[in-house]
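Peer 1: next comes the sequence, and after it the predicted model I'd like to discuss.
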There are 2 protein chains.
Amino acid sequence: MEPDAITSLKIPGSVVRRLPRYLTQAQHLRQEGVEWVSSLSLAETLGLTSSTVRQDLSHIDFQGVSKRGYSTAGLEGALARTLGVDHDITCVLVGAGNLGRALALHDEFGRQGFKIVGVFDSAPAVVGKKVGRFTVQGMTELAGVVREQKVEIGIISVPHEAAQPVADQLITAGVRGLLNLTTAHLLVPAEASVVDARVLASLRELAYGVKRR
Amino acid sequence: MEPDAITSLKIPGSVVRRLPRYLTQAQHLRQEGVEWVSSLSLAETLGLTSSTVRQDLSHIDFQGVSKRGYSTAGLEGALARTLGVDHDITCVLVGAGNLGRALALHDEFGRQGFKIVGVFDSAPAVVGKKVGRFTVQGMTELAGVVREQKVEIGIISVPHEAAQPVADQLITAGVRGLLNLTTAHLLVPAEASVVDARVLASLRELAYGVKRR
DNA sequence: TAGATTGTTAATCGATTAACAATC
DNA sequence: TAGATTGTTAATCGATTAACAATC
């Protein structure tokens, strides 16, 4: 078994959730011209301990250098490969309300490799309307687009009551990951992944933080 | 010391992050006319164990009933009080890009008590433009609005390089909680709270989930 | 070289789960 | 009443932190 196969076998969820933050940090540092970063410095900017950083990075196929730390460019590349964001990922967006339209128009995600190839909505009044460079399509078109463009991720921004049936349609069509922007809890088969965006939940968490002072 | 004071003394972060999900579930169930819900049923719909649910709910000032479970209406109210979302919370939004505009237009947050009272941007070209019922204001107006309207939460959707200075301005003006929609890691004094919305991080987490199948 | 920093093992800490008496 | 379900204690599990030999 190759070393890569070993390291990529299974990374704990707690670590996977931090890897995107290291990636963002490595990107920012490299863009600023910083070539090396230590576990301690990463820890300080991210509010972690240097121990946690070194433990986490031991899961990716990349080595630091004694006395110098981690090469920002090398770290960025290795993290992108580990997460699977070293190539474009095709996405569709279902639900062309305000939140959905914003995500379709927010080109930062596209720049980071998440390419939206279609925007869908069930409301006849919305179908055919333009959202940036997209024309909103009806739900009947969804399965075809997912199959033809090998869409990997579905972004769900419909009313919460509609979220589960939309998730089912996306999964049936062949999508393997769902970004859930609704407050519904989605049930999917074990071979698919769901990540909840938790925007309202974050505001509520913040309300608790603000209250107890 | 009153029982309420004891229970509200300090709820672990892991629990606080789940409370909004119970609240959402309780709201949905009550709206559907369901009056009682057991810890097992909550656990099943949220992908948890009934033990975790009972442990979590023991932190709030609300009792279940043997053999019947929890009253959905009672649970909803107690969770709202615990989180501090049983009354309106005033927010400002800084950064009127696509994401920011969407949040300002997305009235679901307003319906859930998060009232936006101002939208700000530093770009002269954007200041004065309309975003729904708001007129975008310049950053010089920010501190005044925060003070006059007793704004509690600032929502930051500016480019990541600008996020920390904006956070500093918001905190200085008196805001006590920040919802961070950028990829920057924000440093704030201990008496303030930050919650990261992690939208790009969620997509990256999903990329990892999608890759390993 | 001396010293800074990694990678990794072992210890600690906290979160989750199991178990069960209390109870309606 | 009998049985379902809570609230809580104790056990387990996993994540974080500390420590330190290896190393450049």
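Peer 2: Good, I have the coordinates.

Peer 1: could you use CA atoms for every contact and neighbour count after this?
Peer 2: Noted.

Peer 1: work out for me the element the most centrally placed residue in chain A sits within.
Peer 2: Taking C-alpha atoms, centre = their mean as the criterion, A:L179 is the residue nearest the geometric centre of chain A, at 7.4 Å. In this assignment (DSSP states H and E), A:L179 forms part of strand A:177-180.

Peer 1: tell me the helices and strands packed up against the helix or strand that that strand is followed by.
Peer 2: Downstream of strand A:177-180, the first helix or strand assigned by DSSP H and E is strand A:193-196. Judged by 3 or more C-alpha pairs under 8 Å, 6 or more residues apart in numbering or on different chains; DSSP states H and E, the packing partners of strand A:193-196 are strand A:177-180, helix B:199-211.

Peer 1: what about A:P189, neighbour count?
Peer 2: A:P189 is flanked by 10 other residues according to other C-alpha atoms under 10 Å in any protein chain shown.

Peer 1: tell me the spacing between it and DNA strand C.
Peer 2: Applying C-alpha to the nearest atom of the strand, to the nearest Å, the value for A:P189 to DNA strand C is 18 Å.

Peer 1: do A:L179 as well
Peer 2: If you measure A:L179 against DNA strand C using C-alpha to the nearest atom of the strand, the figure is 21 Å.

Peer 1: residues in a beta bridge with the closest residue to that residue other than its chain neighbours, which ones?
Peer 2: Here the nearest residue to A:L179 in space, its sequence neighbours aside, is A:I155; by C-alpha to C-alpha, 6 or more residues apart in numbering or on different chains that works out to 4.7 Å. Taking DSSP bridges as the rule, A:I155 bridges to A:L93, A:L179.

Peer 1: test my guess that A:I155 contacts A:V175.
Peer 2: No. Using C-alpha atoms under 8 Å, A:I155 and A:V175 do not qualify as a contacting pair, with a distance of 10.2 Å.

Peer 1: coming back round to it: packing partners of the strand holding A:L179?
Peer 2: strand A:153-156, strand A:193-196, helix B:199-211.

Peer 1: tell me which other helices or strands the last one touches.
Peer 2: Contact partners of helix B:199-211 among helices and strands, from 3+ C-alpha pairs under 8 Å, 6+ apart: helix A:19-31, helix A:72-83, strand A:177-180, strand A:193-196.

Peer 1: for A:Q164, give me its contacts.
Peer 2: A:184, A:186-187 (C-alpha atoms under 8 Å, 6 or more residues apart in numbering or on different chains).

Peer 1: number of residues surrounding the closest residue to A:R17 other than its chain neighbours?
Peer 2: Of all residues not flanking A:R17 in the chain, B:E205 sits nearest, at 6.3 Å (C-alpha to C-alpha, 6+ apart). Taking other C-alpha under 10 Å as the neighbour definition, B:E205 ends up with a count of 26.

Peer 1: quick one: B:E205 from B:V117, how far?
Peer 2: For B:E205, the distance to B:V117 equals 33 Å [C-alpha to C-alpha, to the nearest Å].

Peer 1: in chain A, what residue lies closest to DNA strand D?
Peer 2: When distances are taken as C-alpha to the nearest atom of the strand, chain A reaches nearest to DNA strand D at A:T52, 3.8 Å away.

Peer 1: before we move on, the earlier item: contacts only, for the residue nearest to A:L179.
Peer 2: Applying C-alpha under 8 Å, 6+ apart, we find A:I155 in contact with A:91-94, A:178-181.

Peer 1: switch the cut-off to 7 Å
Peer 2: A:I155 makes contacts with A:92-94, A:178-180, as judged by C-alpha atoms under 7 Å, 6 or more residues apart in numbering or on different chains.

Peer 1: ok, now how distant is it from B:Q63?
Peer 2: Remark: distance between A:I155 and B:Q63 (C-alpha to C-alpha) = 37 Å.

Peer 1: any idea which helix or strand comes after the helix or strand bottoming out on mean pLDDT in chain A?
Peer 2: Lowest on mean pLDDT, DSSP states H and E among the helices and strands of chain A sits helix A:3-7, with a mean of 41. On the C-terminal side of helix A:3-7, the nearest following helix or strand under DSSP H and E is helix A:13-16.

Peer 1: work out the gap between that next one and the centre of the chain.
Peer 2: Mean C-alpha position of helix A:13-16 versus that of the full chain (C-alpha atoms, centre = their mean, to the nearest Å) differs by 13 Å.

Peer 1: kindly export the helix or strand where A:R147 lies (C-alpha atoms) in CSV.
Peer 2: In this structure, A:R147 is located in helix A:142-148 according to DSSP H and E. Included here for helix A:142-148 are C-alpha records, laid out as CSV according to Å, rounded to 0.1, in the frame of the first residue of the first chain:
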residue,chain,number,x,y,z
LEU,A,142,-32.5,18.7,-13.6
ALA,A,143,-31.8,14.9,-14.1
GLY,A,144,-30.6,15.4,-17.7
VAL,A,145,-28.2,18.2,-16.8
VAL,A,146,-26.8,16.3,-13.8
ARG,A,147,-26.2,13.2,-16.0
GLU,A,148,-24.8,15.1,-19.0
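
Peer 1: does chain B sit close to that helix?
Peer 2: No. Against chain B, helix A:142-148 shows no contacts by C-alpha under 7 Å from any C-alpha of the partner chain, the least distance being 14.8 Å.

Peer 1: A:A78 against A:G64, yeah?
Peer 2: No. Here A:A78 does not reach A:G64: they are 11.4 Å apart, not a contact under C-alpha atoms under 7 Å.
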